[in-house]
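Trainee: Have a look at this fold, sequence not included:
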Ligand SMILES: [Zn+2]
């Protein structure tokens, strides 16, 4: 489920042209949870931000998202 920076960038580019699916956007958002570089890059892309908020509504509620974020952060800290 976790994607690399290269993949994140690809999805980010696709999203600019409305070619990324909700699932891809979701994976990209997930990547942004632990990768500041890609998040900063995507932040310049207004279209993506819009798509992300749409994908959020479809994919999961806020509580689930927060829980997932915690889990990812925990995983990353233990991995390093
Ligand atoms: Zn990244």
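Mentor: Yes, it's here. Computed from a prediction, not measured in an experiment: that's the story for all the values here.
Trainee: C-alpha from now on. contacts and neighbour counts both.
Mentor: OK.
Trainee: Would you state the strands of this protein in chain order?
Mentor: Using DSSP state E, no strands are found in the chain.
Trainee: can you count the residues close to the residue in the chain that the ion sits nearest to?
Mentor: Among all residues of the chain, residue 5 sits closest to the ion, at 3.6 Å; criterion: CA to the ion. Here the neighbour count serves as a burial measure; for residue 5 (other CA atoms under 10 Å) it reads 15.
Trainee: Report the contact partners of it.
Mentor: If you count contacts by CA atoms under 8 Å, 6 or more residues apart in numbering, residue 5 has them with 31, 38.
Trainee: if you skip the residues just before and after it, what's nearest to residue 34?
Mentor: Here the nearest residue to residue 34 in space, its sequence neighbours aside, is residue 73; by CA to CA, 6 or more residues apart in numbering that works out to 7.0 Å.
Trainee: what's the neighbour count on that neighbour?
Mentor: The criterion is other CA under 10 Å. On that basis, residue 73 has 14 neighbouring residues.
Trainee: cool, and residue 69?
Mentor: 15.
Trainee: on that earlier part again, next one: the residue of the chain closest to the ion from residue 36, what distance?
Mentor: In this structure, residue 5 lies at 10 Å from residue 36, with CA to CA, to the nearest Å as the measure.
Trainee: Ends of stretch 27-40, what's the gap?
Mentor: End-to-end distance of stretch 27-40: 16 Å, with CA to CA as the criterion.
Trainee: For this protein, what lies in contact range of the ion?
Mentor: 5, 35, 38 (CA under 5 Å from the ion).
Trainee: Please render those residues as a markdown table that adds pLDDT to the earlier fields.
Mentor: Formatted as a markdown table, the entries for the residues of the chain next to the ion read as follows, by pLDDT from 0 to 100:
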| residue | pLDDT |
| --- | --- |
| 5 | 94 |
| 35 | 91 |
| 38 | 88 |
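Trainee: these two touch, right, residue 20 and residue 9?
Mentor: No - counting by CA atoms under 8 Å, residue 20 does not reach residue 9; the two are 11.5 Å apart.
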